[in-house]
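1. Got a predicted structure here, sequence first:
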Amino acid sequence: MKQNPRFLIFLLLFAALLLPCCSPREKGAASDTKVFFDTSVTLTIYGDEAEAALSECFDLCRNYELIYSADNKNSELSKINRREGVEVDAEGRSVFTVSDELAEAVRLGLGAWEDSAGMFDITMRPVTVLWDFRSGKGSVPDDYLLSEEVLRVGSEWLELSGNTLSVNNRNTAIDLGAVAKGCISARLKDYLRNRKGIDGAILNLGGNISVFGTKPDGTPWQIGIQKPFTERGELISTVLLEDGCVISSGVYERNFTEKGIFYHHILSPEDGMPVHSGLTQATVIGTDDALADTLSTVCMLLGKDASEALIQEKGYEVKILYTLDDGSLVLFDPESGEESVREGEQLDFRQEDD
Amino acid sequence: MNQNSSVSRHQSPGAGFFRTDTPAARLSLLGLLTALAVIMGYIEYRIPLPLPVPGIKLGLCNIVIVFVLYRFGFLRAFLVSAVRIVIVGLLFGSPISMLYGLGGSLLALLGMRFLKNSGRFSCIGTSAAGGALHSAGQIAVAALLTSGTAVFRYLPVLLLAGEFCGVLIGLVVSIVLRRLKSQQNQGII
Amino acid sequence: MSPSTEKKPAKKPWFRRADLFLLIGIAVLSAALFAFFFWKDTRINSPMLEITSGGKTIGVYPLDEDREIRIGDESHYNLCRIENGTVRMTEADCPDRSCVRSLAIDRRGGQIICLPHRVVLRIIDGTGGLPDAVAE
């Protein structure tokens, strides 16, 4: 009899303790950082349902990693690279049935390959694995080995039709590193846009920034662009944006120096060596995340003039901020052409009709 | 109820489940308590906190830690806490979360030991201070790791929340300690 | 060992006066910190003076506090002063001294530039602070 009141107290206390009492919940906002795709992913979401949406987005990231990652052994992509699950089609060719997400990424990769006359290539994996840019003290791969592996590169061996992918060379290995983040942020943004209770979000996928909607204080998103070869926090420019993405690609991201020579991670499919295009960095500002991601690498591979011509020709709705090797900054807008930019300048890309 | 209090009944220092007379018994009991703390760590892991202070957690495990502090002393409490942090960090967390846990835990335990030994504070008060210090410690680690002062903005709320949690935890531990005492006195355990 | 002399933990009361002080103390500290940050925020949103040298921001100062700021070293220096909400370049050892002769700027905006030393004094509004994210 004497037990009952105390038991009740225990129950109540236990229930109260289960409440996340040791932390506040910021009303209408949620943010967290996790590691996916071998990079750090920070999502900041605003809206009444921000918390729920945040965990949903990370769940989506987990799923996407199992599709796009070439390093994760259980992913759809690495199974294809190991030729698991291959089927034979009506004409006797070996094909794979791929998911919509993977198909989209491959399609973009092949599109960029055509655009760049073969410089952008998603089959560079045999070559990229020879270089080690992550540990900070990489080494230049052996000449002979490099020339051998370069022969395995070639998107011409890939054919995509709907969800059917055929890989016509048994040595081909696909790496979607230059495309995946853009595809993923585009999908996350779509998901959030259509989800109720979400006012806006800023997504940071390994340095690729994507925004939409509004911040609680109503000010536009301010996105800084990292200045190459400096500590975090030094910027070449700040971009004001309401809906779109800012994706930057540069030689400063992963590199090492051996015997006084600087090697970076943007490799040419012709010889497997770092490309020298006169650019230190290329930043794409646009509304199509996936396109912007591939374009940032394409610009670095082609150089300023060739990529400007390409964008003009294709009518891509993007703006590019080029950081040249001499340190100068050039802003390219397909409609108005080139414009010189001062370091530290704020660029307003809001689509407002004033 | 008080039938045996005046008789020279041998009061074993916790016979049966909670015996603490031999080092072996103490060790196994502490081991069990550590395991309990790890389980609470798992519960904490399942309840995500949407704060841009990575690694920050609820203070559920502190129920065990405060209990060990009062029953077994500071050193053992710290040991249990450290082992718990490492295991939870290896199982569900990240190396970073271990740093946060150790920082918060160390600061909290030092403060609690000081308060407890002064004799002027009850279990509830000590635990409340411990909760607040736990949060403060985590913020301090966050500030060091992110080399930024922005994290300090969370101090006001976290201090209060830690204090609140600490009060609840202190209440639970008080009840448990008293219950243990009374059952010991009755020779039940 | 008889029960009554055996060492046992002293019986503790649930709650003591010292506890109350402690709890109130923490709450007060928390409120004080909150107030501090609140005050800090209101200051940030008002116009500030931003000083850049060679393109890098070397200082951001509020306009409501009078102060004198020295920029540079012995060979290249500029001295600016915030007084009554206006900013002037009071001294400089640059060849042309146009910055010293410039009009004062205030909260409405504007800038004073010392070209030879690449020093820029600029009025920025509160939101011109840290970006929300950095693309890298």
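-> Thanks, I have the structure now. All of these numbers come straight from a predicted model, not from anything done at the bench.

2. Can you read off the pLDDT for the residue lying closest to residue C:47 once chain neighbours are set aside?
-> Sequence neighbours aside, residue C:107 is the residue nearest to residue C:47 in space, at 4.3 Å (criterion: CB to CB, 6 or more residues apart in numbering or on different chains). Just so you know, the C-beta spots here come from the backbone N, C-alpha and C atoms, and that holds for glycine as well. The model reports residue C:107 with a pLDDT of 72.

3. Residue C:23 too?
-> Here, the pLDDT recorded for residue C:23 equals 90.

4. my guess is it contacts residue B:126, does it?
-> No - Residue C:23 is beyond contact range of residue B:126, at 11.2 Å (criterion: CB atoms under 8 Å).

5. of those two, who's got more company?
-> When neighbours are counted by other CB atoms under 10 Å in any protein chain shown, residue C:23 and residue B:126 differ, and residue B:126 comes out ahead with 30 against 20.

6. helix, strand or coil for that one?
-> The assignment at residue B:126 comes out as helix when based on DSSP: H, G, I helix; E, B strand; the rest coil.

7. which residues touch it?
-> The neighbours of residue B:126, taking CB atoms under 8 Å, 6 or more residues apart in numbering or on different chains as the test, are B:66, B:112, B:115-116, B:170.

8. and of these, the nearest to chain A?
-> residue B:170 (10.7 Å; CB to the nearest CB).

9. which helix is the longest one in chain B?
-> Secondary structure of chain B read by DSSP state H shows that its longest helix is helix B:155-185.

10. Return the set of buried residues in the top helix by length along chain C.
-> Counting by DSSP H, the longest helix found in chain C is helix C:17-44. Across helix C:17-44, burial judged by 16 or more other CB atoms under 10 Å in any protein chain shown covers C:19, C:22-23, C:26-27, C:29-30, C:33-34.

11. can you pull the buried residues of stretch A:193-207?
-> Judged by neighbour count (16+ other CB under 10 Å), stretch A:193-207 contains these buried residues: A:195, A:198-207.

12. Equivalent analysis for stretch A:183-196, please.
-> Burial within stretch A:183-196, assessed by neighbour count using 16+ other CB under 10 Å, is assigned to A:183-189, A:192, A:195.

13. Stretch B:87-104 too?
-> B:87-89, B:93, B:97-104.

14. Same list as before, the residues you listed that is, but in CSV and with pLDDT and secondary structure included.
-> CSV is the format used below for these (pLDDT from 0 to 100; DSSP: H, G, I helix; E, B strand; the rest coil):
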residue, pLDDT, secondary structure
B:87, 90, helix
B:88, 85, helix
B:89, 82, helix
B:93, 68, coil
B:97, 74, helix
B:98, 83, helix
B:99, 83, helix
B:100, 80, helix
B:101, 82, helix
B:102, 89, helix
B:103, 88, helix
B:104, 88, helix
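
15. From the residues you listed, pick the one nearest residue A:219.
-> Comparing the buried residues of stretch B:87-104 against residue A:219 with CB to CB places residue B:100 closest, at 31.4 Å.

16. I'd say the closest one and residue B:141 touch.
-> Yes - using CB under 8 Å, residue B:100 makes contact with residue B:141 at a distance of 5.1 Å.

17. out of the buried residues of stretch A:183-196, who's nearest chain C?
-> If you rank those by distance to chain C using CB to the nearest CB, residue A:185 comes first, at 11.8 Å.

18. Indicate whether whatever helix or strand the closest one lives in makes contact with chain C.
-> Applying DSSP states H and E as the criterion places residue A:185 in helix A:177-194. No - using CB under 8 Å from any CB of the partner chain, helix A:177-194 stays clear of chain C, coming no nearer than 11.7 Å.

19. now for whichever helix or strand comes after that helix, which elements pack on it?
-> Downstream of helix A:177-194, the next assigned helix or strand under DSSP H and E is strand A:200-205. Packed against strand A:200-205 by the contact rule (3 or more CB pairs under 8 Å, 6 or more residues apart in numbering or on different chains; DSSP states H and E) you find strand A:39-46, helix A:177-194, strand A:208-213.

20. Tell me which residues touch the closest residue to residue A:193 other than its chain neighbours, please.
-> Residue nearest to residue A:193 in three dimensions, not counting chain neighbours: residue A:212, with 6.1 Å by CB to CB, 6+ apart. Residues in contact with residue A:212 (CB under 8 Å, 6+ apart) are A:189, A:192-193, A:200-201, A:242-244.

21. out of those residues, who's nearest residue A:230?
-> Nearest to residue A:230, judged by CB to CB, of those is residue A:244 at 24.9 Å.

22. That closest one: how many residues sit nearby?
-> Around residue A:244 there are 27 other residues, counting by other CB under 10 Å.

23. tell me the phi and psi of the residue of the stretch 51-200 of chain A found nearest chain B?
-> Residue nearest to chain B within the stretch 51-200 of chain A (CB to the nearest CB): residue A:51, separated by 4.6 Å. Main-chain dihedrals, residue A:51, degrees, to the nearest 10: phi -60, psi -50.

24. what pLDDT does it get?
-> 85.

25. What distance do you get for it to residue A:43?
-> From residue A:51 across to residue A:43, the span is 11 Å (CB to CB, to the nearest Å).

26. how does chain C divide into domains?
-> As given by automatic domain parsing, the domain ranges for chain C are C:15-44, C:47-124.

27. which stretch among those domains comes nearest residue A:344?
-> Going by CB to CB, the one of the domains of chain C nearest residue A:344 is domain C:47-124, 5.1 Å.

28. Can you list the residue ranges for helices in the chain?
-> Just going to use chain A. A:3-18, A:50-68, A:76-81, A:100-115, A:125-128, A:143-150, A:177-194, A:289-302, A:304-314.

29. other chain: chain C
-> Going by DSSP H, chain C shows helices at C:17-44, C:98-101.

30. Any regions of chain C where pLDDT drops low?
-> The model of chain C has pLDDT under 70 over residues C:1-12, C:41-46, C:55, C:108-110, C:125-131.

31. Residue in it with the shortest distance to chain B?
-> residue C:19 (3.1 Å).

32. Residue A:98 and residue A:221, how far apart?
-> Separation of residue A:98 from residue A:221 (CB to CB): 34 Å.
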